[in-house]
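Colleague: model the structure of this input:
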Amino acid sequence: MRNTDDLRQELMESEDLDRFLSENKDSFETKECGAALQRLFEGADISKAELARRAGMSTVYLYQVFSGRRRPSRDRLLCLCFGLGCSLEAAQELLKKGGHLPLYPKNRRDAIILFAFSKGMSLQDTNDRLFRENEETLS
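Modeller: Below you'll find the model as predicted:
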């Protein structure tokens, strides 16, 4: 896989977008959010009903996400990560696969969420802290 700088340079110099896309199709990230979520779920040793409860969402919505019928928002993916007890690295990777920006420490709200992941906090404890800091909660 080619690195980002090389791809950017080639794209900026290209006169033919279709040719660039065709020649570099193997270099593009695929949005495999559902598959990545399934792998994390399989390692969590909980039921989908329990995951839905821990993530603060309905089981119907959760099944739609797993089936690929729903594309979860950034906050919903973070709720799922908390529900699965994911590491920060796994959460960041899932955000990318879902087409969302990773958590950014210069963003105050993201910094609180980053801290919560690093300390193994629950979704409820994270939301409590976000609320106390006058930041939007995750669910």
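
Colleague: next SSE downstream of the one helix or strand residue 21 maps to?
Modeller: Residue 21 is part of helix 17-23 when elements are defined by DSSP states H and E. Once the chain leaves helix 17-23, the next helix or strand it forms, by DSSP H and E, is helix 33-42.

Colleague: pLDDT of that next one, averaged?
Modeller: On average, the pLDDT along helix 33-42 is 88.

Colleague: send me it as PDB with only the CA atoms.
Modeller: Written as PDB, here are the backbone C-alpha positions of helix 33-42 (Å, rounded to 0.1, in the frame of the first residue of the first chain):
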ATOM      1  CA  CYS A  33     -16.800  -0.800   9.900                       C
ATOM      2  CA  GLY A  34     -19.300  -3.700  10.200                       C
ATOM      3  CA  ALA A  35     -16.600  -6.300   9.800                       C
ATOM      4  CA  ALA A  36     -14.300  -4.600  12.300                       C
ATOM      5  CA  LEU A  37     -17.200  -4.200  14.800                       C
ATOM      6  CA  GLN A  38     -18.000  -7.900  14.400                       C
ATOM      7  CA  ARG A  39     -14.300  -8.800  15.200                       C
ATOM      8  CA  LEU A  40     -14.400  -6.600  18.300                       C
ATOM      9  CA  PHE A  41     -17.700  -8.100  19.400                       C
ATOM     10  CA  GLU A  42     -16.500 -11.600  19.000                       C
END
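
Colleague: gap between it and the chain center?
Modeller: 11 Å (C-alpha atoms, centre = their mean, to the nearest Å).

Colleague: pull the residues that contact that helix.
Modeller: With contacts defined as C-beta atoms under 8 Å, 6 or more residues apart in numbering, helix 33-42 is touched by 48, 51, 65-68, 71-72, 77, 80-81, 84, 86, 90, 93-94, 97-99. Using the backbone N, CA and C atoms, a C-beta is placed for each residue, glycine as well.

Colleague: what comes up buried for it?
Modeller: By neighbour count on 16 or more other C-beta atoms under 10 Å, the buried set for helix 33-42 is 33, 34, 36, 37, 40, 41.

Colleague: for the residues you listed, work out which two are farthest apart.
Modeller: Of all pairs drawn from the buried residues of helix 33-42, the widest gap by C-beta to C-beta lies between 33 and 41 and measures 12.1 Å.
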